[in-house]
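Enquirer: Test case, fold it:
(one chain, ligands or ions: 1)
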Amino acid sequence: MFTAFRESGAPISLYSKRWSREELELERSKTTFFCGNCKGRLILKLGNTQAWHFAHHPDSLCTHNSRRETDVHIKGKLLLMRWLHRQGYHPLEEHYIKGIKQRPDILVQMEDKMIAFELQRSALSSELFMKRQNSYLAAGIETVWAGLPPPQMKYYGVIPSRQLDNFLIRNLPVKHSIYLDIQHERWLMLTDFMYLSPKKVFAVPHFISLDKPPACILKLNDSTSHLPKYTDIYFSLWKKQIRKKRLHVYLSYTPVEKRMNRLFLQHRLNLNYFPAVAALPLKSNFNFFTPPYWWQSWIILTIINGKPLNSVVRLSETAELLYKEVKLGCFHTRPFGVHPKEKTRESAGEYLDALTLFGGVAQTHPGVYRIKSHINLYKQLDTLCNDDEYVLNKFKERLCGK
Ligand SMILES: [Zn+2]
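Expert: Numbers count the residues shown, from 1 in each chain. This next block holds a predicted model:
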């Protein structure tokens, strides 16, 4: 912990100013420190590697006796306490909230709201996360979950999929997640998540200094989305990925590839021949772990091309069938925010809308489409590569509103 009382009863806090080692050693030689909760003795730890803090005797039964926290966690908390204090707030560290039996890392009142900051080092199970999230909600406390440490970006905006903490992603008002970067003493906010490959995702990084007020991470709005600025970067990455899949030599198959290969074989095709319009870089591709060229191909092969021309395709039916594939374990959704059923509906809807751009279907009413032409599956590989280029350019124009 970062606060204690001197023998005189005067409080001392390690975050309200930048103490020097000499100053604190002097304090330590002059007085004994006590816990405000149990009145027990506290030891001021001035380690070389750990963030300086007060600690109870290991045997202490005090509820403020910090669990075995990692150094990173202590450093993170200290940074946040300092940040909130400098901004004029009165943060409470590890304050026990009896009613819901929770002890948030930091609890702070901001205007008329209580906000709990939770620093999360490793991926929680989504059940545990929801349980904690809901108990805070029931107590009228807003939570800010911040990951620790931020994922590594090898290339601008490209993040290894396994490093992205899906449970940290919040849907409102825009999809985003927050990390605390202790090393550089700043926030990292990620927005505009886009699918890249089974191993990588793209997200727009925002580096926010700890000199900025909390509103920078708490009061987001739609203008926080910056994808249009990064369209070129994302599209060139996506183009590369599609090209790779066109030329990929399959020596073994993942379960979804095995399943899709059976479907393609019914049309005497192999997996390199997915239609160009089955690799559209939709925002909602991110809803899936499964690569978009597989679930989009599935919609074309089984629904669009599976029905006679001029027949009706309904979004509700398409979404239902896609969700059935998810339930059967053929396709996998990404675990964040809303229920998988809503994710499949969003993706199916965005996809059918996008297909109207390329003449495959026409929308007749909201959520109702008519099949105008079947998608031609029998093309040479070099033609498909040209199609990819054409489709991506057309799609990019739409995204940029040209
Ligand atoms: Zn105590």
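Enquirer: how many neighbours does V277 have?
Expert: Applying other Cβ atoms under 10 Å, we find 25 residues neighbouring V277. To be clear about C-beta, it is placed using only N, CA and C from the backbone, and glycine gets the same treatment.
Enquirer: and it, what does it touch?
Expert: Neighbouring residues of V277 by Cβ atoms under 8 Å, 6 or more residues apart in numbering: Q296, I300, L355, F358, G360, I375, D387, V391.
Enquirer: Give the helix, strand or coil label for the third one.
Expert: This points to L355. Assigned with DSSP: H, G, I helix; E, B strand; the rest coil, L355 falls in the helix class.
Enquirer: Pretty sure it sits against I304.
Expert: Yes. L355 lies in contact with I304 (Cβ atoms under 8 Å); the separation is 7.4 Å.
Enquirer: in a helix, that's where L322 is, yeah?
Expert: Yes. Secondary structure of L322 (three-state DSSP): part of a helix.
Enquirer: which residues does it contact?
Expert: W295, W298, I299, F331, T344, S347, A348.
Enquirer: before we move on, the earlier item: give me the common contacts of L355 and I304.
Expert: Counting by Cβ under 8 Å, 6+ apart, the common neighbours of L355 and I304 are V361.
Enquirer: Nearest residue to the middle of the chain?
Expert: I169 (3.4 Å; Cα atoms, centre = their mean).
Enquirer: Work out for me the element the residue lying closest to Y15 once chain neighbours are set aside sits within.
Expert: Distance criterion Cβ to Cβ, 6 or more residues apart in numbering; nearest residue to Y15, sequence neighbours excluded, is M81 at 3.9 Å. Counting by DSSP states H and E, the element that carries M81 is helix 71-86.
Enquirer: What average pLDDT does that helix get?
Expert: Helix 71-86 shows a mean pLDDT of 91.
Enquirer: which residues are in contact with that helix?
Expert: With Cβ under 8 Å, 6+ apart as the criterion, helix 71-86 contacts 2, 13-16, 49-51, 53, 66, 90-91, 93, 105-106, 108, 117, 119, 121, 146, 148-149, 180, 182, 185, 210, 214.
Enquirer: Distance from it to the middle of the chain?
Expert: The chain centre lies 22 Å from the centre of helix 71-86; the measure is Cα atoms, centre = their mean, to the nearest Å.
Enquirer: Give the next helix or strand downstream of it.
Expert: strand 92-93.
Enquirer: average pLDDT across that next one?
Expert: 90.
Enquirer: Who are the packing partners of it?
Expert: Packing contacts for strand 92-93, counted by 3 or more Cβ pairs under 8 Å, 6 or more residues apart in numbering; DSSP states H and E, involve strand 106-110.
Enquirer: what pairs with the strand it packs on, and is each one parallel or antiparallel?
Expert: strand 92-93 (antiparallel), strand 113-120 (antiparallel) (DSSP bridges).
Enquirer: As TSV, the ones you listed with mean neighbour count and distance to I159 would be great.
Expert: Shown next, in TSV, are those (neighbours: other Cβ atoms under 10 Å; distance: least, Cβ to Cβ, whole Å):
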stretch	mean neighbour count	distance to I159
strand 92-93	20	31
strand 113-120	20	17
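Enquirer: Count the residues that sit near A139.
Expert: 13.
Enquirer: Chain neighbours aside, what residue packs nearest to it?
Expert: Per Cβ to Cβ, 6+ apart, closest to A139 is I100, 4.8 Å.
Enquirer: these two touch, right, that neighbour and N134?
Expert: No. With contact defined as Cβ under 8 Å, I100 does not reach N134; the gap is 9.4 Å.
Enquirer: Which residues does the nearest residue to M153 once chain neighbours are set aside form beta bridges with?
Expert: In this structure, M153 finds its nearest non-sequential neighbour in I159, 5.9 Å apart by Cβ to Cβ, 6+ apart. In this entry, I159 is beta-bridged to V201, by DSSP bridges.
Enquirer: check contacts around I159.
Expert: P151, Q152, M153, L190, K200, V201, F202, A203.
Enquirer: before we move on, back to that, wait, which of the contacts of V277 is closest to the ion?
Expert: Q296 (58.1 Å; Cβ to the ion).
Enquirer: same for the helix or strand hosting that closest one, what does it pack against?
Expert: If you go by DSSP H and E, Q296 is part of helix 292-298. Using 3+ Cβ pairs under 8 Å, 6+ apart as the contact criterion, the elements in contact with helix 292-298 are helix 255-265, helix 315-327.
Enquirer: Now V361: phi and psi?
Expert: phi -130, psi 160 (degrees, to the nearest 10).
Enquirer: how much space between the residue nearest to M153 and the ion?
Expert: 40 Å (Cβ to the ion, to the nearest Å).
Enquirer: Repeat that for T32.
Expert: Distance from T32 to the ion, by Cβ to the ion: 14 Å.
Enquirer: need the contact list for the closest residue to that residue other than its chain neighbours.
Expert: Spatially, and ignoring its direct neighbours in sequence, T32 is nearest to E7 (5.5 Å; Cβ to Cβ, 6+ apart). Contacts for E7 (Cβ under 8 Å, 6+ apart) come out as T31, T32, F34.
Enquirer: Convert the C-alpha atoms of stretch 27-34 to PDB, please.
Expert: Taking C-alpha atoms only, stretch 27-34 is exported to PDB below (Å, rounded to 0.1, in the frame of the first residue of the first chain):
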ATOM      1  CA  GLU A  27      11.200   9.700   7.600                       C
ATOM      2  CA  ARG A  28      11.800   6.100   8.400                       C
ATOM      3  CA  SER A  29      14.600   6.900  10.900                       C
ATOM      4  CA  LYS A  30      12.400   9.500  12.700                       C
ATOM      5  CA  THR A  31       9.100   7.500  13.100                       C
ATOM      6  CA  THR A  32       7.300   4.200  13.000                       C
ATOM      7  CA  PHE A  33       4.500   3.800  10.400                       C
ATOM      8  CA  PHE A  34       1.100   2.400  11.200                       C
END
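Enquirer: next one: that stretch to chain centre, how far?
Expert: 44 Å.
Enquirer: Pick out the residue of the stretch 101-250 of the chain closest to the ion.
Expert: R103 (13.3 Å).
Enquirer: what residues are up against the nearest residue to that residue once chain neighbours are set aside?
Expert: With Cβ to Cβ, 6+ apart as the criterion, R103 has its nearest non-adjacent residue at 4.9 Å, and that residue is Y96. Neighbouring residues of Y96 by Cβ under 8 Å, 6+ apart: T63, Q102, R103.
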